[in-house]
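Undergrad: Next input, structure requested:
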Amino acid sequence: MAAQLSLSCGVLFLSQILVISAGSNQLINLFDYPVAVNLLALKTDAPVRTPVVSTLPSLAEIEYYINFVTVVYAKYDTSTSWDCPDCLLTGPNVTLVKVAWNPIANTLALINLNMDTKEIIVTFRGSVNLADYIQNGMLLPIPVSFAGDNGKVRVHGGFYVAADSLFKQIQDTLGQLLAEHQGFRLTFVGHSLGAPLAVLTALRIRSNPVFSQQRFAIFAYGSPRIGNVDFADYVNSLNVTIVRAVNKADLVAHVPARGVQSVYIHHSNQVWVAKNGEINICSTNVYEDPSCSISLGPNYNVLDHTTGYFGTNFIPSITDNWCQFLLQIIIPIPISGICD
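TA: Here you go, the predicted structure:
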């Protein structure tokens, strides 16, 4: 319950900032839905401007990588042990190579090696502490540059800052691992705040000529909108494997609201788990398929964000160690001695 309350407070905090940033004329778009009036931004169900080249992974893969999300939420130290029950669900030949952690931003990611599938997996933790919620609220879009973009890409400033806080650790570690394991796929995974961190980090790594010939895969669960239409077009145009999975009426998948800063819109490749459990492959002819998750608006909720992603429940993982969970909401981890 404490974890859900913490997450709910973060979402409410973000929502209030959305209202302040967007102005009263955008209040209708706070929790967007198909009939919302939007005069400032491209409609989310507008046809895509460029063909979608990126490809969807298999359903088995989408269900598999959610196990790494469950583990990263339970990680409260920088040890490389990989023997927890959820860890074992990832397979017998998966090892944890590094825990990337920034004590100032309080961001965290796991870097795993899977010898069976020949890949390196980077999994980013979602929002669990005050620093995360502050980053969520940094709505001002900023210009960024990726290899081959059109020069007009803008992304959520807070997400970029959070991703940047771990970037050097991750890039250096990937370089070292690829020197030993040439040809391994680079797979980036994240839920909630972790999803945009996974996407942005993957794009920056891919823009580095050292990594440009690698195979990339991105698994984003419950991702908020990351950037503008030029960003969405750029992601859609890449020869990468990517999915944006949405569970039922997950609220976080629909913020920042449509029209905030006249920017935010999702990239394609949404897979939506409907309320009846049916898995839907959403249309890639439009940015956000009106027959998929957005069809439930404005009746979104936080519970579908924290539970139900392919049978998972993140709350027990987050609160597995109550002492660590409650302390690290404000105090950076790891905290030695206090919770022993």
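Undergrad: use CA for all of it now, contacts and neighbours both
TA: OK.
Undergrad: helices and strands of the protein: which one has the lowest mean pLDDT?
TA: The helix or strand of the chain with the poorest confidence is helix 2-22; it has a mean of 38 (mean pLDDT, DSSP states H and E).
Undergrad: how many neighbours does the spatially closest residue to residue 284 that is not a sequence neighbour have?
TA: Sequence neighbours aside, residue 268 is the residue nearest to residue 284 in space, at 5.6 Å (criterion: Cα to Cα, 6 or more residues apart in numbering). Residue 268 is flanked by 27 other residues according to other Cα atoms under 10 Å.
Undergrad: Doesn't residue 268 belong to a strand?
TA: No. With DSSP: H, G, I helix; E, B strand; the rest coil as the criterion, residue 268 is coil rather than part of a strand.
Undergrad: from memory it sits against residue 231, does it?
TA: No. In this structure, residue 268 is not within contact of residue 231 by Cα atoms under 8 Å, at 11.0 Å.
Undergrad: contacting residues around the closest residue to residue 55 other than its chain neighbours?
TA: For residue 55, ignoring the flanking residues on the chain, the nearest one in space by Cα to Cα, 6+ apart is residue 241 at 4.8 Å. If you count contacts by Cα atoms under 8 Å, 6 or more residues apart in numbering, residue 241 has them with 54-57, 216-218.
Undergrad: now do residue 263
TA: 41, 141, 154, 227-229.
Undergrad: what about it, distance to residue 171?
TA: Note on residue 263: its distance to residue 171, by Cα to Cα, to the nearest Å, is 29 Å.
Undergrad: can you check residue 294 too?
TA: 35 Å.
Undergrad: again with residue 186
TA: Taken as Cα to Cα, the span from residue 186 to residue 171 is 11 Å.
Undergrad: Residue 75 now?
TA: Taken as Cα to Cα, the span from residue 75 to residue 171 is 21 Å.
Undergrad: who has more neighbours, these two?
TA: Taking other Cα under 10 Å, residue 75 and residue 171 do not tie; residue 75 has more neighbours (22 against 17).
Undergrad: what secondary structure does the closest residue to residue 219 other than its chain neighbours sit in?
TA: Distance criterion Cα to Cα, 6+ apart; nearest residue to residue 219, sequence neighbours excluded, is residue 189 at 4.7 Å. Counting by three-state DSSP, the backbone at residue 189 sits in strand.
Undergrad: next one: residue 63
TA: helix.
Undergrad: How many neighbouring residues does the nearest residue to residue 151 once chain neighbours are set aside have?
TA: Closest residue to residue 151 apart from its sequence neighbours, by Cα to Cα, 6+ apart: residue 145 at 6.6 Å. Residue 145 has 15 neighbouring residues, counting by other Cα under 10 Å.
Undergrad: What of residue 182?
TA: Around residue 182 there are 12 residues (other Cα under 10 Å).
Undergrad: how much space between it and residue 101?
TA: 25 Å.
Undergrad: next one: residue 251
TA: 27 Å.
Undergrad: Give me the more crowded residue out of the two.
TA: Using other Cα under 10 Å as the criterion, residue 251 and residue 101 rank with residue 251 on top: 27 against 21.
Undergrad: how about the strands of this structure, start to end?
TA: For the chain, the strands defined by DSSP state E occupy 94-102, 107-114, 119-124, 141-143, 154-156, 185-191, 216-221, 241-247, 270-273, 279-281.
Undergrad: Which one, of those, ends up nearest to residue 203?
TA: strand 216-221 (9.3 Å; Cα to Cα).
Undergrad: Who are the packing partners of that closest one?
TA: In terms of contacts (3 or more Cα pairs under 8 Å, 6 or more residues apart in numbering; DSSP states H and E), strand 216-221 is packed against strand 185-191, helix 194-207, strand 241-247.
Undergrad: same thing but 6 Å
TA: With contacts defined as 3 or more Cα pairs under 6 Å, 6 or more residues apart in numbering; DSSP states H and E, strand 216-221 has these neighbours: strand 185-191, strand 241-247.
Undergrad: Redo these as TSV? Include mean pLDDT.
TA: Converted to TSV, the helices and strands packed on strand 216-221 look like this (pLDDT from 0 to 100):
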stretch	mean pLDDT
strand 185-191	98
strand 241-247	98
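Undergrad: Figure out which of the ones you listed is closest to residue 108.
TA: Per Cα to Cα, nearest to residue 108 of the helices and strands packed on strand 216-221: strand 185-191, 10.9 Å.
Undergrad: Give me the helices and strands touching that closest one, please.
TA: Secondary elements touching strand 185-191 (3+ Cα pairs under 6 Å, 6+ apart): strand 119-124, helix 194-207, strand 216-221.
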